[in-house]
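S.K.: Quick one: sequence and predicted model below, then my questions.
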Amino acid sequence: ATSIVRLVKTLLDRSDFLFYGCNISGDMTEIRKSYPSMGDLPETKVADLGTMAVNRGLVKRGPGQLTLENLTRVVLGKVLPKPPEYRVSTVWDDNNLPDGAKAYAGKDVEAGVQIMKTFATMQDLTKRLF
């Protein structure tokens, strides 16, 4: 676990990275709580895909609207399987992740990247044009 903590801290310390996801600020808070040995982490640049979807007029805030599963459906027109055995699981605490968990994580990353790329081509309705 120590090498993972060191790797995560190295990534979070990079000012040239943008971290994005659904409820990414909550994820960062959980990382800070789960790994106090990391010490103080910098205020990492984060972009919340749910907020970005709202700002582009694609969804409204509400229950189930700002999830990666819903954004994948709305933005990409695809289904993102979110099986409960991985979505809410202690499997993520294991040193050797099962192949199914790796595939699940990979699909989440792929969906997030595709959504972010799509958002890059869309106007943020909260920004002034001139």
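M.R.: Looks like it arrived, so ask away.
S.K.: Extract the residue ranges of this structure that are flagged as low pLDDT.
M.R.: 1-2, 38-43, 128-130 (pLDDT under 70).
S.K.: which non-adjacent residue is nearest the residue nearest to the spatial centre of the chain?
M.R.: The C-alpha lying nearest the average C-alpha coordinate of the chain belongs to Gly21 (Cα atoms, centre = their mean; 2.2 Å). Nearest residue to Gly21 in three dimensions, chain neighbours excluded: Gly112, at 5.7 Å (Cβ to Cβ, 6 or more residues apart in numbering). Where C-beta positions appear, they are placed from N, C-alpha and C, glycine not excepted.
S.K.: what about the one you found, distance to Pro36?
M.R.: As judged by Cβ to Cβ, to the nearest Å, Gly112 and Pro36 stand 27 Å apart.
S.K.: cool, Asp93 as well?
M.R.: To Pro36, Asp93 is 16 Å away according to Cβ to Cβ.
S.K.: Which stretches in the chain count as helices?
M.R.: 2-13, 24-34, 49-55, 68-71, 84-87, 99-120 (DSSP state H).
S.K.: could those be laid out in TSV, adding mean neighbour count?
M.R.: Listed next are the helices of the chain as TSV, based on neighbours: other Cβ atoms under 10 Å:
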stretch	mean neighbour count
helix 2-13	12
helix 24-34	13
helix 49-55	20
helix 68-71	19
helix 84-87	12
helix 99-120	15
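S.K.: Which one, of those, ends up nearest to Lys127?
M.R.: Evaluated over the helices of the chain, closeness to Lys127 peaks at helix 49-55, with 8.1 Å, by Cβ to Cβ.
S.K.: Tell me the helices and strands packed up against that closest one.
M.R.: helix 68-71, helix 99-120 (3 or more Cβ pairs under 8 Å, 6 or more residues apart in numbering; DSSP states H and E).
S.K.: who's in contact with the longest one?
M.R.: When contacts are taken as Cβ atoms under 8 Å, 6 or more residues apart in numbering, the neighbours of helix 99-120 outside the stretch itself are 20-22, 47, 49, 52-53, 56, 68, 71-72, 75-76, 78, 80-83, 85-87, 89, 91-92, 97.
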